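Colleague: Below are the sequence and a predicted model; questions follow.
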Amino acid sequence: MINNLPFAIRPYQPAEESQVVTLWHQCKLVVPWNDPHRDIALKLQVQPHLFLVGTLGTAVIATIMAGYEGHRGWLNYLAVSPEHQRHGLGRRMVEEATALLKAEGCPKINLQIRASNTEVIAFYTRLGFTVDDVVSMGKRL
């Protein structure tokens, strides 16, 4: 309960798109090369049940986007509204996504964090994530 409202985690619903995009902007997750509306549309085509929102009443105050391609799971777009951070909601979102990935048979979760984002690195370290001895590479298509 937060402010006498129950915090609930459930799959995203398309009517929540503007709330989600606003939250991502508030949390500084949107970068010029990623269109958040496009990212949502793409996620809804692949495992939409792994796109979760955390709500207080009708307000979306948290998100996480998970995926599993048969070898590794991934976490993206973890966000908690700034006014609700540091109350364990991010942990709860990660735990819920982790449980769903585990139920699908996922053996390991990967995520990428900008090296300069030390606060988020510390958050995931507290959750048991470790730095893998790998090089992350990408190619924009």
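Modeller: Done, it's in. Residues are numbered from 1 along each chain as shown.
Colleague: Let's test this: mean pLDDT of the longest strand anywhere in the chain, rounded?
Modeller: Looking across the chain with DSSP state E, the single longest strand is strand 59-68. Summarised as a single mean, pLDDT over strand 59-68 is 97.
Colleague: Phi and psi next, for Leu42.
Modeller: phi -70, psi -40 (degrees, to the nearest 10).
Colleague: for the helix or strand just after the longest strand of the chain, what is the average pLDDT?
Modeller: The C-terminal neighbour of strand 59-68 among helices and strands, as given by DSSP states H and E, is strand 73-80. Confidence over strand 73-80 (mean pLDDT, whole number) is 96.
Colleague: in its sheet, what does the longest strand of the chain sit against?
Modeller: strand 51-56 (antiparallel), strand 73-80 (antiparallel) (DSSP bridges).
Colleague: what ranges of this structure fall below the confidence cut-off?
Modeller: 1-5 (pLDDT under 70).
Colleague: now stretch 128-135: how far from the chain's centre is it?
Modeller: Going by Cα atoms, centre = their mean, to the nearest Å, the spacing between the C-alpha centre of stretch 128-135 and its chain's C-alpha centre is 18 Å.
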